[in-house]
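Trainee: Give me a model of this one.
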Amino acid sequence: MNSRRSWLIFAIGSFAYLSAVLQRTSLGIAGVAATERFGGSAAVLSSLAVVQLIVYAGAQIPVGVLIDRFGPRVLMVTGTTMMVAGQLTLAFAPTITVAVIGRILVGGGDATIFISMIRLISSWFSGRIVPQLSQWMGNIGQLGQVLSAIPLAWVLDLWGWTPAFVSAASVAVVAMIVVFIVVRDRPALGTDQHRATSWKDALIQLRHSFARPGTQLGFWSHYVTQSSGTVFSLLWGFPFMVYGLGYDPALAAAMLTIVVGAGIVFGPLLGILTARYPLRRSNIVLGIVAVIGFAWTVVLLWPGPQPMWLIVALLVVLGVGGPGSLIGFDFARTFNPQRSLGSANGVVNVGGFTASFVTMYLIGVLLDLQDGIRVGQGEQSDLYALDSFRLAFAVQFLVIGAGVGFLLRARRRTRLQLSRDEGIQVAPLWVALVRAWRHRRGSP
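Mentor: Numbering: from 1, shown residues only. Have a look, this model is predicted:
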């Protein structure tokens with residue numbers, strides 16, 4: 001554990017995740033090109049990204065069961081192979097139908113990588129470094145978004161659709177090869193005690209994982225923190241900045257890297273806070289959600305076009321949501337045994353992507369609805385009008401607000417279980433702060 005080989009496994013696995021994020025976000029900078037290539041409405045365009053996320057989210061629990069049954073290495077090799085096939089299909093797709101098939105393959109392959117890596121970190125490392133490594137792995141992976149926002153966007157602009165997606169697929173080919181050669185499920189001296197011995201055992205572990213309040217708390221933590229940044233980065237942020245705000249496409253693509261930069265800066269800090277204050281992880285999650293909600297409120301209510309500094313501030317805040325969502329996997333790790341960690345992580349990872357594809361699709365529907373009303377009143381069509389984006393983006397408050405309610409319910413049940421099983425009483429945050437203040441002053 002924590003050996004040189006552990007760090008090699010971590011490096012190779014993080015590269016594989018970087019490749020997966022590149023494939024996942026490659027459509028984000030190609031939204032305008034996709035409209036020109038395939039035509040259609042905003043809802044049709046959003047379907048390309050939505051179907052990918054639906055497949056990703058829907059595959060999480062089956063993939064978790066497969067990890068518990070066969071180990072993460074097999075899943076990672078299979079997943080990278082699927083992403084290669086998906087990107088090549090998209091690269092040569094003549095119609096929107098074929099493009100959707102390509103994104104289905106990308107979504108299915110992408111679904112295998114992240115939770116496999118979470119399992120590998122738990123198998124190859126131990127101690128307080130584990131939640132910090134999860135944050136670092138997430139940050140390294142998000143560099144894939146930088147690759148899609150800058151060099152891939154450059155290739156797309158210079159050489160066109162097919163060369164851009166073929167080049168993205170080539171990165172997945174490299175990841176597939178190095179994972180197959182280097183990655184192993186556990187240290188050589190380990191045993192198979194953490195792998196389900198049959199399908200029946202794997203499904204039983206899934207049922208038990210799903211029933212644990214701590215797993216449900218992880219699900220809703222991921223749901224409320226991850227979705228807003230994913231929706232903006234993966235699809236709607238680029239059209240919003242290009243058409244709604246009038247930014248040059250190259251500038252808009254480059255600005256999406258701010259989300260990644262913010263994650264790299266704040267991710268390690270969140271990892272340290274999570275390891276140091278394990279009983280306050282839900283408060284950290286709720287604090288992140290509150291800041292994201294405040295940022296969106298200012299952006300949507302700002303009179304006239306939003307200034308660039310405000311958009312930059314929004315992107316920074318959205319960037320914190322990415323590493324914040326990884327706290328959900330720390331809940332899964334601490335409230336589930338190692339043998340069922342794949343299933344538990346699969347359940348958690350469904351959360352953010354469920355919120356993402358629901359929000360992403362609703363934004364497309366609302367943009368189409370407003371444009372239809374505009375045309376019906378005799379005005380000129382303006383699908384991506386700034387005011388239309390204001391109303392469409394506001395749907396996030398409904399989707400994420402519902403998640404906050406379920407999170408609070410899951411937290412209450414988790415704390416009751418902690419009190420019943422381990423005798424640990426978690427006081428409300430304000431009570432803990434008052435106690436700490438009194439203790440510092442030496443008061444009784």
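
Trainee: which helices and strands does whichever strand or helix holds Gly364 pack with?
Mentor: Per DSSP states H and E: Gly364 is located in helix 341-376. Using 3 or more Cβ pairs under 8 Å, 6 or more residues apart in numbering; DSSP states H and E, the elements in contact with helix 341-376 are helix 42-70, helix 113-124, helix 199-211, helix 213-231, helix 327-335, helix 386-393, helix 395-422. In short, each C-beta sits where N, CA and C put it, glycine included.

Trainee: tell me the angle that helix makes with helix 113-124.
Mentor: 160 degrees (axes from the mean of the first three to the mean of the last three Cα atoms, to 10 degrees).

Trainee: Buried ones in helix 341-376, by neighbour count?
Mentor: Across helix 341-376, burial judged by 16 or more other Cβ atoms under 10 Å covers 341-368, 370-371, 374.

Trainee: between that helix and helix 386-393, what angle do the directions make?
Mentor: Here the directions of helix 341-376 and helix 386-393 differ by 140 degrees (the same axes, to 10 degrees).

Trainee: before we move on, the earlier item: make a markdown table from the helices and strands packed on helix 341-376 and add distance to Ile96, mean neighbour count and mean pLDDT to it.
Mentor: Listed next are these as a markdown table, based on distance: least, Cβ to Cβ, whole Å; neighbours: other Cβ atoms under 10 Å; pLDDT from 0 to 100:
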| stretch | distance to Ile96 | mean neighbour count | mean pLDDT |
| --- | --- | --- | --- |
| helix 42-70 | 7 | 23 | 79 |
| helix 113-124 | 26 | 27 | 88 |
| helix 199-211 | 35 | 16 | 73 |
| helix 213-231 | 21 | 28 | 92 |
| helix 327-335 | 34 | 25 | 87 |
| helix 386-393 | 21 | 19 | 93 |
| helix 395-422 | 24 | 16 | 90 |
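
Trainee: out of those helices, nearest to Trp154?
Mentor: Trp154 lies closest, by Cβ to Cβ, to one member of the helices and strands packed on helix 341-376: helix 42-70, at 21.4 Å.

Trainee: what element comes up after that closest one heading to the C-terminus?
Mentor: Note on helix 42-70: by DSSP H and E, the next helix or strand toward the C-terminus is helix 72-91.

Trainee: Quick one: mean pLDDT over that following helix.
Mentor: On average, the pLDDT along helix 72-91 is 94.

Trainee: what's the offset of it from the middle of its chain?
Mentor: Centre-to-centre, helix 72-91 and its host chain are 18 Å apart (Cα atoms, centre = their mean, to the nearest Å).

Trainee: Stretch 330-343 now?
Mentor: Centre-to-centre, stretch 330-343 and its host chain are 19 Å apart (Cα atoms, centre = their mean).

Trainee: residues touching Gly244, list them.
Mentor: If you count contacts by Cβ atoms under 8 Å, 6 or more residues apart in numbering, Gly244 has them with 384-386, 388-389.

Trainee: What is the most widely separated pair among these?
Mentor: Between any two of the contacts of Gly244 (Cβ to Cβ), the greatest distance is 8.2 Å, for Tyr384 and Leu386.

Trainee: Need the CA coordinates for stretch 305-323. PDB is fine.
Mentor: Extracted in PDB, the C-alpha atoms of stretch 305-323 (Å, rounded to 0.1, in the frame of the first residue of the first chain):
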ATOM      1  CA  PRO A 305     -25.400  41.800 -20.800                       C
ATOM      2  CA  GLN A 306     -23.300  40.400 -17.900                       C
ATOM      3  CA  PRO A 307     -19.800  41.900 -17.700                       C
ATOM      4  CA  MET A 308     -16.900  39.500 -18.300                       C
ATOM      5  CA  TRP A 309     -15.700  39.700 -14.700                       C
ATOM      6  CA  LEU A 310     -19.000  38.300 -13.500                       C
ATOM      7  CA  ILE A 311     -18.900  35.400 -16.000                       C
ATOM      8  CA  VAL A 312     -15.400  34.600 -14.800                       C
ATOM      9  CA  ALA A 313     -16.600  34.600 -11.200                       C
ATOM     10  CA  LEU A 314     -19.400  32.200 -12.200                       C
ATOM     11  CA  LEU A 315     -16.900  29.900 -13.900                       C
ATOM     12  CA  VAL A 316     -14.700  29.900 -10.800                       C
ATOM     13  CA  VAL A 317     -17.700  29.000  -8.600                       C
ATOM     14  CA  LEU A 318     -18.800  26.200 -11.000                       C
ATOM     15  CA  GLY A 319     -15.200  24.900 -10.900                       C
ATOM     16  CA  VAL A 320     -15.500  24.400  -7.200                       C
ATOM     17  CA  GLY A 321     -18.600  22.200  -7.700                       C
ATOM     18  CA  GLY A 322     -16.600  19.500  -9.600                       C
ATOM     19  CA  PRO A 323     -14.200  18.600  -6.700                       C
END
